[in-house]
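> give me coordinates for this.
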Amino acid sequence: MAEETLSLALFFVIAILLFSAAGVYSTSLKLSNECTYTVWPAVVSGRGTPPLTTTIFMLEPGESATLLIPASWSGQLWARTLCSYDLTGRFHCLTGDCGTGSEECASVQTFPPVTVAMFNMSGNGGLNFYGVSAARGYNLAILVVPQGDDEGNCMATACVDAPDGPPERGGAWTTSCFAFGDPENCCSGAYAPSGTCKPSYYSSYFGSSCPWAYRYEDDDGKEKNRAFACSLAEYHITFCPHPSPAMG
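Here you go, the predicted structure:
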């Protein structure tokens, strides 16, 4: 009888913990690696938002992982490639490196080129805002697919059709700012004020391959709808989706 009472009490404790957790987390992000190589996802929370409990992991080809997202969370994520530890114990990646020397990323200031998925959960009207950015270049294809309800502009977005870059950069394309370093391409100096910086020939050419992605630092998405919003329970982010989805 005592064992039965103890088991019942344990059941209620577990139930309370589960219901409490359900109130803390508002949505989830499922990350899937369909690349033919290992990737090291980087997940960085925005300023003033709670950090995630899981930020260090890797995905072998075919593997997936699900991240529980707190309410009102904002952040960015991307995939790092060809990562390893050097002889001094510092962690480095050929693309998407954070510059921290470890698997933990301290900020979104990554070394380009890198394709980025951006999220702002529980924004205006209780909607989740999301998008894909190629403003820092392109290192692999990313597809974001909302799953669940259909309230709001719940559409898939991606950058999947960019041409392969130089082999020495792991097939990645860098940004026009990193390539040329001038104010016009970096949206700096006289081109820093919002609305002043325009797409360059370089970003426009690249943007034609990824029309649903943000293309340069001051890109507000007004030319095309590159910011999406809906109130869904889960978002599926796929690295190197195969076959590439038919968008449009």
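
> which strand runs longest in this structure?
Among the segments of the chain that qualify as a strand by DSSP state E, the longest is strand 74-85.

> checking the closest residue to residue 67 other than its chain neighbours next. Helix, strand or coil?
Residue nearest to residue 67 in three dimensions, not counting chain neighbours: residue 29, with 4.6 Å by Cβ to Cβ, 6 or more residues apart in numbering. Any C-beta I mention is one placed from the backbone N, CA and C, and that applies to glycine too. The three-state label given to residue 29 by DSSP: H, G, I helix; E, B strand; the rest coil is strand.

> which residues does residue 29 form a beta bridge with?
Beta-bridge partners recorded for residue 29 (DSSP bridges): residue 67, residue 235.

> can you pull out the strands in this structure?
25-33, 39-45, 64-70, 74-85, 91-95, 116-120, 128-133, 142-147, 152-153, 157-159, 228-230, 234-239.

> list the buried residues of the fifth one.
By neighbour count with 16 or more other Cβ atoms under 10 Å, strand 91-95 contains the buried residues 91, 93-95.

> what packs against that strand?
strand 74-85 (3 or more Cβ pairs under 8 Å, 6 or more residues apart in numbering; DSSP states H and E).

> I'd guessed residue 105 sits against residue 41; true?
No - contact between residue 105 and residue 41 fails when scored by Cβ atoms under 8 Å: they sit 9.7 Å apart.

> so where's this protein uncertain?
Judged against pLDDT under 70, the low-scoring parts of the chain cover residues 1-25, 108-109, 123-124, 149-153, 162-209, 215-227, 233, 243-248.

> let's see 80
Counting by pLDDT under 80, the chain contains low-confidence residues at 1-26, 107-112, 122-126, 135, 137, 148-153, 161-227, 231-233, 243-248.

> in the sheet, who's paired with residue 229?
residue 129, residue 153.

> now do it against residue 100, distance only.
Distance check for residue 229 against residue 100: by Cβ to Cβ, to the nearest Å, it reads 32 Å.

> pick out whichever of the two has more residues nearby.
Here residue 229 and residue 100 are set side by side on neighbour count (other Cβ atoms under 10 Å), and the busier one is residue 229, at 21 against 13.

> separation between that one and residue 89?
Residue 229 sits 43 Å away from residue 89, taking Cβ to Cβ as the criterion.

> residues touching residue 136, list them.
Each residue near residue 136 by Cβ atoms under 8 Å, 6 or more residues apart in numbering is listed here: 110, 112-116, 175.

> would you turn these into a markdown table with neighbour count?
What follows is these, written out as a markdown table (neighbours: other Cβ atoms under 10 Å):
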| residue | neighbour count |
| --- | --- |
| 110 | 23 |
| 112 | 24 |
| 113 | 24 |
| 114 | 30 |
| 115 | 29 |
| 116 | 27 |
| 175 | 23 |
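
> please, where are all the helices along this structure?
The residue ranges that make up the helices of the chain, judged by DSSP state H, are 2-24, 176-180, 183-186, 201-207.
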